[in-house]
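> Kindly return the folded structure for what I paste below:
(2 chains)
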Amino acid sequence: MKRVDPVTRFLAWCGALFIAAPILAIVIKVPWSHFFSALRSDSSLTAVWLTLWTSVVALGLCVLFGIPLAWWLSRSSGRITALIRPVVLAPIALPPTVAGLALLGLLDRHGLIGQWIYRSLHWQLPFTTYAVIVAGVFVGMPFLVLICESHFRQLPAEIEDAARIDKASNFQVFRLIAIPQARSGVITGVVLAWARVLGEFGATMMFAGSLPGTTQTWTMQIYQELNVNPDTAYALSVLLVAIAMAIIFTLRKPLQSAFRS
Amino acid sequence: MATTCATLSLALTTITAPAATAASGHTVSVYAASSLTKVYTALAAKFQAAFPGVNVKISYGSSTTLATQINAGAPVDIFASADVPDMTAVVSEFSAPKNYLVNQVVIAVPKSSAITTEAGLNGKVTWLQCGHTVPCGIAADAALKSDGVVTTSPVSLESSDANALAKLLAGSVDAALVYKTDVIANPTKLRAISFSDTTAASTQYQIGLSNQPSTLKNHWAQTFYNYLTGYDARKFLAANGFVITQ
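All right, here's what the predicted structure looks like:
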């Protein structure tokens, strides 16, 4: 039995095609016959490797600070958290250029903190690989916090209460009950944050610059190759498409529940 | 469904059609190297003041990126490229380009900088240049190689001259290899140190008019092109540090 009326079905098909067609186009445009030789250039490999390891480090920092932040936001209803929540989640909706500018404003050698660092160490963060990581943490952590917080909020209060009656400390509740219970949410948050960090472009370009082997990431390499070797640009792009699809496919169930709160 | 669609498209047509018809003959679309941002914005303003109703739209970027976009079908009437290869890349649409200006990559430093020579980059100095594939980067590479003085490496390869200049003006770096005209445009803030091999550091700008029917039919595109390549504009460009070639 058909449950969707024809008009709605037609609109739904339009919507699906609108998103699927460009993805299909990129897959078709890839020079499959020399896919690997297009990818094998040193500069491509360098950019991919740099992106992979910096994104993993950034993700580690996101987890280290983001999960405690999500837990705190989910368990306190004070005025401070009400103020902090929109601020820490803002990068989700922030244009990357603005994110880059904000990071420069804080950390470049005339920045609020950057000027002190520069004066005492004669060193600045922008244009270093650390800057790529910092930009990644800035844009990625909010995703992790958003999803983890919503999962922490959905945890049934009974288990937590029972644990407290058994004299579990707040930290034990967080570590031994909340995190394992909200596991699927934490994993979803981590993977989505990673996807965001992997695809980061604008903020990194502004804040970290673009230098092969140091700050030139996967997406910057695509941007540069498009002018010189479009084949390489397409090959590099389709790899990111594959990663994105794999992420969404493996996360289809947790994703549904993550956004159902 | 069909009715909904028809109503919708009718509504859209009513809203957009008159405006589109009125403006289409009076819009000139220009792609220009980012190093022309300041002078072209001023020239377009003068032109529009002289011909009210004409709308000059200029898109600035690295010539290399602009050429890629033109080859991808970007609707453009006039292309001003910062080097010859990027103009050659779009030869099917810009089949009769002209040599236009010559610009020169220099070492730009803040007025107060202690750097006074090319060798000044060989210290504890952070400097950047344009990427190896865009005109300002190609000229910078050639000059660095020919002079053979600088032994340090740039901290970043920026995607366009404008981006490199912006980072220097923001104070993020000690020096940037940008165009001489960028320094001339910022006389109170920047100072230029020339490379010894000025030929290697130079780049030939070209300008062209599209051979597409939409441009050939657009009288204002031709007029603005003539203005950009004419005496007044050239005088203005020369006053801003560009070397005029024909």
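
> okay, CA-based contacts and neighbour counts for the rest of this
Fine.

> Please list the residues of chain A that sit near chain B.
For chain A, the contact set with chain B under C-alpha under 8 Å from any C-alpha of the partner chain comprises A:7, A:108-110, A:126-128, A:209-211, A:215, A:224, A:226-228.

> Residue A:9 in helix, strand or coil?
helix (DSSP: H, G, I helix; E, B strand; the rest coil).

> Then residue B:204?
Using three-state DSSP, the secondary structure recorded for residue B:204 is strand.

> Show me the beta-bridge partners of it.
residue B:102 (DSSP bridges).

> What is the burial count for residue 40?
Looking at chain A here, since you left the chain open. Using other C-alpha atoms under 10 Å in any protein chain shown, residue A:40 has 13 other residues around it.

> The intended chain is chain B.
By other C-alpha under 10 Å, neighbour count at residue B:40 equals 20.

> part of a helix, is it?
Yes - counting by three-state DSSP, residue B:40 is part of a helix.

> Could you measure from it over to residue A:176?
Here the criterion is C-alpha to C-alpha, to the nearest Å. By it, residue B:40 lies 64 Å from residue A:176.

> same thing with residue A:141?
22 Å.

> Compare neighbour counts for those two and give me the winner.
Between residue A:141 and residue A:176, residue A:141 has the larger neighbour count (other C-alpha under 10 Å), namely 33 against 13.

> Surely the more buried one and residue A:67 touch.
No - applying C-alpha atoms under 8 Å as the test, residue A:141 and residue A:67 come out as separate, 9.0 Å apart.

> List the contacts of residue A:63.
Going by C-alpha atoms under 8 Å, 6 or more residues apart in numbering or on different chains, residue A:63 touches A:141, A:144, A:190.

> Which of the residues you listed fall in helices?
Among the contacts of residue A:63, DSSP state H puts A:141, A:144, A:190 in helices.

> Return the closest of those with respect to chain B.
Using C-alpha to the nearest C-alpha, residue A:141 comes nearest to chain B of the ones in helices among the contacts of residue A:63, at 25.8 Å.

> Just give me the neighbour total for residue B:225.
18.

> what kind of secondary structure is it in?
Quick answer, by three-state DSSP: residue B:225 is helix.

> How many residues are close by the residue of chain B found nearest chain A?
Residue nearest to chain A within chain B: residue B:156 (4.8 Å; C-alpha to the nearest C-alpha). Residue B:156 sits with 27 neighbouring residues when counted by other C-alpha under 10 Å.

> Can you verify my assumption that it contacts residue B:129?
Yes - the pair residue B:156 / residue B:129 is scored as a contact, 6.6 Å apart, by C-alpha under 8 Å.

> buried ones in stretch B:109-124?
Neighbour counts over stretch B:109-124 (16 or more other C-alpha atoms under 10 Å in any protein chain shown) mark B:109-110, B:115, B:118, B:120-121 as buried.

> Repeat that for stretch A:147-160.
A:147-153, A:160.

> between the residues you listed, which is nearest chain B?
residue A:147 (35.0 Å).

> Phi, psi for the closest one please.
phi -70, psi -40 (degrees, to the nearest 10).

> centroid residue for chain B?
residue B:33 (1.4 Å; C-alpha atoms, centre = their mean).

> quick one: contacts of the helix or strand where residue B:182 lies?
In this assignment (DSSP states H and E), residue B:182 forms part of helix B:180-184. With C-alpha under 8 Å, 6+ apart as the test, helix B:180-184 has contacts from B:35, B:103-106, B:108, B:165, B:190-192, B:240-242.

> Out of those residues, which sit inside helices?
Using DSSP H, the contacts of helix B:180-184 in helices are residue B:165.

> Got a quick ChimeraX command for the buried subset of the contacts of helix B:180-184?
This is the ChimeraX syntax for the buried subset of these, where burial follows 16+ other C-alpha under 10 Å:
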select /B:35,103,104,105,106,108,165,190,191,192,240,241,242
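
> Beyond the worst-scoring helix or strand of chain B on mean pLDDT, next helix or strand please.
Every helix and strand in chain B was compared by mean pLDDT, DSSP states H and E; the lowest is helix B:2-24, with a mean of 39. Downstream of helix B:2-24, the first helix or strand assigned by DSSP H and E is strand B:27-33.

> what packs against that following strand?
strand B:55-61, helix B:63-71, strand B:78-81, helix B:219-229 (3 or more C-alpha pairs under 8 Å, 6 or more residues apart in numbering or on different chains; DSSP states H and E).

> Residue A:3 is nearest to which of these?
Evaluated with C-alpha to C-alpha, those place helix B:63-71 nearest to residue A:3, the distance being 44.8 Å.

> what would the buried residues of stretch B:109-124 look like in CSV with pLDDT, secondary structure and distance to residue A:169?
Conversion of the buried residues of stretch B:109-124 to CSV gives the following (pLDDT from 0 to 100; DSSP: H, G, I helix; E, B strand; the rest coil; distance: C-alpha to C-alpha, whole Å):
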residue, pLDDT, secondary structure, distance to residue A:169
B:109, 97, strand, 59
B:110, 96, strand, 58
B:115, 94, coil, 61
B:118, 94, helix, 64
B:120, 94, helix, 61
B:121, 95, helix, 58
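
> Format these as TSV; extra columns: distance to residue B:219.
Compiled in TSV, the buried residues of stretch B:109-124 are given as follows (distance: C-alpha to C-alpha, whole Å):
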residue	distance to residue B:219
B:109	43
B:110	44
B:115	50
B:118	48
B:120	51
B:121	49
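
> Ignoring the adjacent residues along the chain, who's closest to residue B:62?
For residue B:62, ignoring the flanking residues on the chain, the nearest one in space by C-alpha to C-alpha, 6 or more residues apart in numbering or on different chains is residue B:160 at 4.8 Å.

> Any residues of chain B in contact with chain A? List them.
With C-alpha under 8 Å from any C-alpha as the criterion, chain B comes near chain A at residues B:1, B:64-65, B:68, B:133, B:155-159, B:171-172.

> hmm, try it at 10 Å
Residues of chain B found near chain A (C-alpha under 10 Å from any C-alpha of the partner chain) are B:1-2, B:4, B:63-69, B:86, B:124, B:126, B:128, B:130-134, B:153-159, B:163-164, B:167, B:170-173.

> from those, which would you call buried?
B:63-69, B:86, B:126, B:128, B:130-134, B:154-159, B:163-164, B:167, B:172-173.

> before we move on, the earlier item: looking at the helices and strands packed on strand B:27-33, which is buried most?
Among the helices and strands packed on strand B:27-33, the stretch with the highest mean neighbour count (mean count of other C-alpha atoms under 10 Å in any protein chain shown) is strand B:78-81, at a mean of 28.
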